[in-house]
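Asks: prediction below, plus the sequence it came from.
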Amino acid sequence: MATDNGGDFNFRSSGSGGSDTGRRGLPMIQTHKKKPVDTEDVCHDDSATPVKAQTIDELHSLQKKKSAPNTPLKSTAFASSISEEERQRQQLQSISASLASLTRETGPKLVRGDPARKTETPRAHAEHKPSYHKPSFDVSDSELKFTHVLYNLSPAELYEQAIKYEKGSFITSSGALATLSGAKTGRAPRDKRVVRDETTEHELWWGKGAPNIEMDEHTFLINRERAVDYLNSLEKVFVNDQFLNWDPENRIRVRIVSARAYHSLFMHNMCIRPTDEELEEFGTPDFTIYNAGSFPCNRYTHYMTSSTSIDINLARREMVILGTQYAGEMKKGLFGVMHYLMPKRNILSLHSGCNMGKDGDVALFFGLSGTGKTTLSTDHNRYLIGDDEHCWGENGVSNIEGGCYAKCVDLSKEKEPDIWNAIKFGTVLENVVFDEHTREVDYSDKSVTENTRAAYPIEFIPNAKIPCVGPHPKNIILLACDAFGVLPPVSKLNLAQTMYHFISGYTALVAGTEDGVKEPQATFSACFGAAFIMMHPTKYAAMLAEKMQKHGATAWLVNTGWSGGRYGSGNRIKLAYTRKIIDAIHSGSLLKAKYTKTEVFGLEIPTEIEGVPSEILDPINTWSDKNAYKDTLLKLATLFKKNFDGFLTNKIGKDLKLTEEILAAGPVF
């Protein structure tokens, strides 16, 4: 089209010798210069080929191109042996079996695709002939309907579903999807139950202090039926088929059936995303989640204490969620399942961060909230294997997940640039507050909850190692934020001490100041993740010691808390000093240092570390009141001993009590 500011618009009348007539005989609108009109100067709307569509729906269908496989098939023979139609039929058949009620012979009628895009609901399968029969008592209206399956949708498709149909879903200024998890903005550990049967009776950790709350098989099936009936009553359900564990020899196939696009996108990010080829060969899942979280459980059902229930049946390999839409229940529920399945394969499941140096040296980071696990495991000089869940097997370490679930409270670009930059299109932002007009998120606003979160694929982190696997760890770092101020900044642990402190899982939180109390509160979480482990802590501790001994790993206890006094009188150990300590661990220079032993806890502490003041390495040097130091040290040792007493009466299967060697590795006073 040629245009010119000097041209003018006019209508040209058609003549018998010209071709200026538009459609339906109307004169064409055109521009021309004041010189004689050239055909190239004509601006008209008939130059392009008309769209080959008869309806608006057909036009919209042209807008979206069919995805091509992103990986080649293993063999041409396989590709030609089964049609695309047959593959989809087998997928639907598998999903229907997953959604089958236990009281009926077959699963629900399923059809792929978004019901909003269907011009007509399928009446029946093509291969079925009409038949007439008398209705039986086991037939209900649910058998007369189709449930649409939205299968492994892309983030863009899930955005559309969330924005259109889920209240509280918005696109933020960074491109992330902001969602609301409803009344529950965190996990509900008191409502989480595990079926206790003849097998789990002896394999799992039960009793006082254990995270496993029992339920029977019959009650689980009641809740399963309630969840399945609810999901089948919906016009559409979201289905994700994905993997756990980056180790290809030990990965687990998981299927998540959910009612919300938000949940589907969350699990798309958190699990390992299969290729098209892997989906074609996915088959029957090893574990299935039925997320009916927007529907409550029946409170009259046995074992129910609220309208929320998260139930795991290890024999059936199923998990049911009722009465909570908090997405973290799915992530942590699967983590608990891995804590059961992996040790049975002699693979240690770990609640830890993991990174790797450029020379292939791997470090595991354990630590409870506030200890600096995320900060210290995120190192631009090292590759990130994962931030939260890992396996240690015969081939080395592997990340269980395909994404990261980061806390967002008070997030800033300066403090956490990697997390900040990862919050973009594809990321799920839970329960954040944003500006109504600009959609800019205010991470300091805790109006909805303090537990604001971001879930994003791990490849959103620039230095992530893909695939997320590495060799056997060289260093095991146990982090503790000691607000009592009596633990050294770093100490080297022997195997027995490693087991003792791993089972203890210690940190100290600062008490609230509403009533003026500033006394630190000791917190113990077995294996640094008691809420997620299935078996007795000694099982995991023994496996850790065995693997450390076999592969020559060294364990370190690092205090990121206070020095020179407890909280309120001492000072927090500078992050710069802690980073120097971690660097010395990575480089191996700390192994060559000279060591002395502390009293009570019997910890070996280095006498010198480059870049760290030597006087702070032994905590007694930093206390002006030595008697106050000794009193506080004994107080903390007493808390350790009291916590560990809870493990002495527990058994794992038919095994006896903890060994005297581990007990001797604790504080002596």
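Replies: Received the coordinates, thanks.
Asks: point to the residue nearest the middle of the chain.
Replies: Residue closest to the mean C-alpha point of the chain, counted by CA atoms, centre = their mean, is Met270 at 3.9 Å.
Asks: pull the contacting residues for the closest residue in space to it that isn't next to it in sequence.
Replies: Excluding its sequence neighbours, the residue lying closest to Met270 (CB to CB, 6 or more residues apart in numbering) is Gly403, at 4.4 Å. To be clear about C-beta, it is placed using only N, CA and C from the backbone, and glycine gets the same treatment. Contacts here follow CB atoms under 8 Å, 6 or more residues apart in numbering; on that basis Gly403 touches 269-271, 455-458.
Asks: identify the farthest-apart pair in those residues.
Replies: Cys271 and Tyr456 (12.8 Å; CB to CB).
Asks: quick check: the residue nearest to the centre of the chain vs Ser352, distance?
Replies: 17 Å (CB to CB, to the nearest Å).
Asks: so where do the strands sit in the stretch 201-350 of the chain?
Replies: 213-215, 236-244, 252-258, 287-292, 309-313, 318-322, 348-351 (DSSP state E, counting those that start in this stretch).
Asks: all strands for the stretch 501-650 of the chain, in order.
Replies: 506-509, 521-524, 554-559, 562-563, 571-572, 595-597, 604-606.
Asks: can you tell me which of the ones you listed is nearest to Pro467?
Replies: Nearest of the strands of the stretch 501-650 of the chain (CB to CB): strand 554-559, 26.0 Å.
Asks: correct me, but the residue nearest to the centre of the chain touches Ala455?
Replies: Yes. Contact criterion CB atoms under 8 Å: Met270 and Ala455 qualify, at 5.8 Å.
Asks: quick one: low-confidence parts of this structure?
Replies: Low-confidence regions of the chain, defined by pLDDT under 70, span residues 1-53, 56, 58-80, 104-105, 118-144, 511-518, 649-659.
Asks: follow-up on the earlier one: I'd like the strands of the stretch 201-350 of the chain as a markdown table, with mean neighbour count and distance to Glu389 appended.
Replies: Converted to a markdown table, these look like this (neighbours: other CB atoms under 10 Å; distance: least, CB to CB, whole Å):
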| stretch | mean neighbour count | distance to Glu389 |
| --- | --- | --- |
| strand 213-215 | 19 | 22 |
| strand 236-244 | 24 | 9 |
| strand 252-258 | 22 | 12 |
| strand 287-292 | 25 | 15 |
| strand 309-313 | 26 | 16 |
| strand 318-322 | 27 | 16 |
| strand 348-351 | 26 | 7 |
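Asks: where's Arg253 relative to Tyr290, distance?
Replies: 16 Å.
Asks: narrow the contacts of Gly403 to those in helices?
Replies: Using DSSP state H, the members of the contacts of Gly403 that fall within helices are 269-270.
Asks: export the contacts of Gly403 to a markdown table and tack on distance to Glu430?
Replies: A markdown table is the format used below for these (distance: CB to CB, whole Å):
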| residue | distance to Glu430 |
| --- | --- |
| Asn269 | 12 |
| Met270 | 12 |
| Cys271 | 17 |
| Ala455 | 7 |
| Tyr456 | 12 |
| Pro457 | 16 |
| Ile458 | 18 |
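Asks: do I have it right that Gln91 meets Tyr151?
Replies: Yes. In this structure Gln91 lies within contact range of Tyr151 using CB under 8 Å: 6.6 Å.
Asks: any common contacting residues for those two?
Replies: With CB under 8 Å, 6+ apart as the test, Gln91 and Tyr151 both reach Arg112.
Asks: ok, back up a step: of the strands of the stretch 501-650 of the chain, which stretch is the most buried?
Replies: Each of the strands of the stretch 501-650 of the chain was scored by mean neighbour count; the highest is strand 562-563, a mean of 26, by mean count of other CB atoms under 10 Å.
Asks: run through the neighbouring helices and strands of that strand.
Replies: strand 571-572 (3 or more CB pairs under 8 Å, 6 or more residues apart in numbering; DSSP states H and E).
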